[in-house]
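Visitor: Fold the stuff below for me.
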Amino acid sequence: MAKNSRLLQDLLAEMVLPEVVHHHNAPKMPPDEHTGSIMPCLPFVPRSHRFLETIHPIAHDEFKQALNNYLASLPELAISGREARRFMLPEPGLMAWPHHMKMDDHFRKFSDDVLGCVYSIMNYVDRGVDLHDFGAEKGGAMHCGWTNNNWGLCNPVLHRLTDVKVVTVTMPAWCFAPKDMADFVNMKTFMNPATLMHDSPTVPTAVKLWARLHDFCYLHDAHYFIVSTYEQWAFGAFSDQYSTGFVSSPMNYSASIPTVFEAAMFWMHSAHGHPSGYKVKPVREQPDYVETPVRYSHQAVPHPRAAYYLTCCS
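Guide: Model (predicted):
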């Protein structure tokens, strides 16, 4: 191995996310870890039916073992110092990265740039994975700093994604506090809040997030998702017919052995069918409803998922 080079696995293990402190003028966090966000404004669309019914946790040991198996399966590539500089994590105060978390966009900037770095290394390691991110879902960034980005295969001529593999959502911690994240990953049964208004305070924030993730993943026929407030990360997936959700325990940004970066790369590669990636467990569920045309603005739409598109991004 050349001088100043490191093995890929060693480089990944060193990529611990940096701390980014909150600016003193930033929106306030809850007073303690037992209180949800004081700014719960997660966007939500009432819908008469959702397939999601049950949510299962991915046990910490199971997740860690699968991640370690994935890392062990990666090729032993030597990364030179020059190549390593291409894979730079965001650093507070460096270049375009802010010194502090002060606005919603700052959380999105740090989270999305971490995922962008994951994408760069994945393309370097696996040339067969042509992963792209085309920015926020139609309609742009949504309320409360929420952003939904789709990652998948791209048609370079049409300049659009042709096969979404991973849906990622980022939110600032003051809108989705640690208590909200805990409620999200610990939910066991999903009760579709069909008749409640999107801004109703009676809809728990965790329920809104599961509903939103279901809608976006179903819309794009994607099954893997990542939720990030930068300070906490959770990795999840849906079963084949979206009746069952699976989600990991939240990882702190400063986690090591494994790192958040390793987990994100593992999850993105799993979505692309890596042989050592996480496989969604098969469950017994009802088949999807029959594909029938949906007419909107005098145009026939070939699949009922198109009807979701009309309201999913509101």
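Visitor: Could you list the low-pLDDT ranges of the stretch 51-200 of the chain?
Guide: 90-105, 128-162, 195-200 (pLDDT under 70).
Visitor: If we use 50, what do you get?
Guide: In the prediction, the stretch 51-200 of the chain carries residues with pLDDT under 50 at positions 134, 136-143, 157, 159.
Visitor: That one: helices as residue ranges?
Guide: 60-73, 81-84, 104-125, 178-186 (DSSP state H, counting those that start in this stretch).
Visitor: buried residues in the longest one?
Guide: In this case it means helix 104-125. For helix 104-125, burial by neighbour count (16 or more other C-beta atoms under 10 Å) applies to 104, 106-115, 117-119, 121-122, 125. Using the backbone N, CA and C atoms, a C-beta is placed for each residue, glycine as well.
Visitor: same for it, what does it pack against?
Guide: helix 8-14, strand 132-136, strand 147-155, strand 160-170, strand 224-228, helix 260-271 (3 or more C-beta pairs under 8 Å, 6 or more residues apart in numbering; DSSP states H and E).
Visitor: again with the first one
Guide: Using 3+ C-beta pairs under 8 Å, 6+ apart as the contact test, the elements touching helix 60-73 are helix 260-271.
Visitor: what angle separates the helix it packs on from helix 60-73?
Guide: Orientation of helix 260-271 against helix 60-73 (axes from the mean of the first three to the mean of the last three C-alpha atoms, to 10 degrees) gives an angle of 80 degrees.
Visitor: relative to helix 104-125, how tilted is helix 260-271?
Guide: 60 degrees.
Visitor: and helix 260-271, what's its mean pLDDT?
Guide: For helix 260-271, mean pLDDT rounds to 93.
Visitor: hmm, who's touching it?
Guide: 12-13, 15-17, 63, 66-67, 70-71, 89, 114-115, 117-119, 121-122, 126, 129, 131, 151, 165-166, 222-224, 226, 233, 235, 248, 251-253, 255, 258, 277-279 (C-beta atoms under 8 Å, 6 or more residues apart in numbering).
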